[in-house]
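Peer 1: Here is a sequence together with a model predicted from it:
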2 protein chains.
Amino acid sequence: MKKTKKKIFHDFVTRKGLKSTRQRDVILDVFLSSERHMSIEELYLKLRAKHPNIGYATVYRTLKLFAESGIAREIQFGDGQTRYEHVAEGEHHDHLVCTRCGAIEEFENETIEKLQDEVAASHGFIIETHKLELYGQCAKCRKQ
Amino acid sequence: MKKTKKKIFHDFVTRKGLKSTRQRDVILDVFLSSERHMSIEELYLKLRAKHPNIGYATVYRTLKLFAESGIAREIQFGDGQTRYEHVAEGEHHDHLVCTRCGAIEEFENETIEKLQDEVAASHGFIIETHKLELYGQCAKCRKQ
DNA sequence: GCCATGTTTGAAAGTGATATTCATTAACAT
DNA sequence: ATGTTAATGAATATCACTTTCAAACATGGC
């Protein structure tokens, strides 16, 4: 059994000399029990149902911390909302985004990654990160 | 010789029942004579040098029109600025973005595009557009 | 446990980029 | 030249964060 995300985040908080608070615990629980790609707004609303006294700013700051600790990653799909996705250790994936219903699917493709490195090399670049998103209609929406 | 972008935009304006104005002409000239990836802000500043009385809102609205007419395309590189790039007919390319100096290079790769279609198909998606950006250090910055 | 210290929190205000409003001005058809 | 409709520019609004600040907490030392 690998280190759980709760443990990873807790260690991060300790190592940084930060404090473990009720709010952070609650936000982490909600984040971990949610779908993989959530905007701050979505998480905030979900949270409010049970914890109406937690502020937006706290959610915002805590998600940033999740990203910093390595258990989450910020993503932008160009709709003006920052989303946070769960990060599985050592794993990388890209996204398929449905332009109709907004559904997000993930995929991995070794060959594409390799080609990206080649392209970068031929331009003298060293890649640090990349972003690959395919936008279109998902199977469900196409049937309608 | 293909239809020029001026002609394409003018036809678009006519077809839509819009009007041809001095401002739109000027903004189009500045856009066409500029580097491929310009933010609204950059174009506005460049414009102000010779045409200090053209408003920001007009630039903003006109660039949207360029995109709608097909001669320009909106792109987001995650720095919070929308950029507009020139669109060459039938051509598609992706970007290499230097995380140090902000330089933007373009590339095309047939094989990657093909693989994208395969990935999409295996998920039941039909791709409409895609976005592939490689972020890293460009050759120049690496040497420093 | 109780304190001292530094961190967090939540409400409110601030930011920066984009988007809209509205009175005025300018294009185009007649 | 005139009427109609679209475009413009200044100002304002919006949106999604982001920061500020006083009050509330968490944690280590006594």
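Peer 2: Nice, I can see it. None of these values were measured; they are calculated from a predicted model.
Peer 1: can you give me the helices for chain A?
Peer 2: For chain A, the helices defined by DSSP state H occupy A:5-15, A:22-32, A:40-50, A:56-69, A:110-122, A:139-142.
Peer 1: between these, which one is nearest to B:Leu132?
Peer 2: helix A:110-122 (7.8 Å; C-beta to C-beta). No exception for glycine: its C-beta is placed from N, CA and C like everyone else's.
Peer 1: can you tell me which residues contact the closest residue to A:Cys141 other than its chain neighbours?
Peer 2: Of all residues not flanking A:Cys141 in the chain, A:Arg100 sits nearest, at 4.1 Å (C-beta to C-beta, 6 or more residues apart in numbering or on different chains). By C-beta atoms under 8 Å, 6 or more residues apart in numbering or on different chains, A:Arg100 lies in contact with A:Gln137, A:Cys138, A:Cys141.
Peer 1: what pairs with the spatially most central residue of chain A across the strands?
Peer 2: In chain A, the centroid-proximal residue (C-alpha atoms, centre = their mean) is A:Glu85; its distance is 1.6 Å. Counting by DSSP bridges, A:Glu85 forms beta bridges with A:His37, A:Arg73.
Peer 1: hang on, isn't it packed against A:Ser34?
Peer 2: No: counting by C-beta atoms under 8 Å, A:Glu85 stays clear of A:Ser34, with 10.2 Å between them.
Peer 1: Now do the shared contacts for the two.
Peer 2: Shared contacts of A:Glu85 and A:Ser34 (C-beta under 8 Å, 6+ apart): none.
Peer 1: for DNA strand C, what are the nearby residues on chain A?
Peer 2: Contact residues (C-beta under 7 Å from any atom of the strand) of chain A with DNA strand C: A:13, A:16-19, A:21, A:23-24, A:53-58, A:61-62.
Peer 1: Quick check: the residue lying farthest from the centre of chain A vs B:Asn109, distance?
Peer 2: What lies farthest from the middle of chain A is A:Ser122; by C-alpha atoms, centre = their mean that is 30.6 Å. To B:Asn109, A:Ser122 is 10 Å away according to C-beta to C-beta, to the nearest Å.
Peer 1: just to revisit the earlier point, I'd like to know which of the contacts of A:Arg100 is nearest to A:Lys5.
Peer 2: Among the contacts of A:Arg100, A:Cys138 lies closest to A:Lys5 (C-beta to C-beta), at 28.0 Å.
Peer 1: Just want the phi and psi numbers for that closest one.
Peer 2: Note on A:Cys138: its backbone torsions stand at phi -80, psi 170 [degrees, to the nearest 10].
Peer 1: can you pull the contacts of it?
Peer 2: A:Leu96, A:Cys98, A:Arg100, A:Cys101, A:Ala103, A:Glu105, B:His123, B:Gly124, B:Phe125.
Peer 1: from these, which is closest to A:Gly70?
Peer 2: Set against A:Gly70, the nearest of those by C-beta to C-beta is A:Glu105 (23.2 Å).
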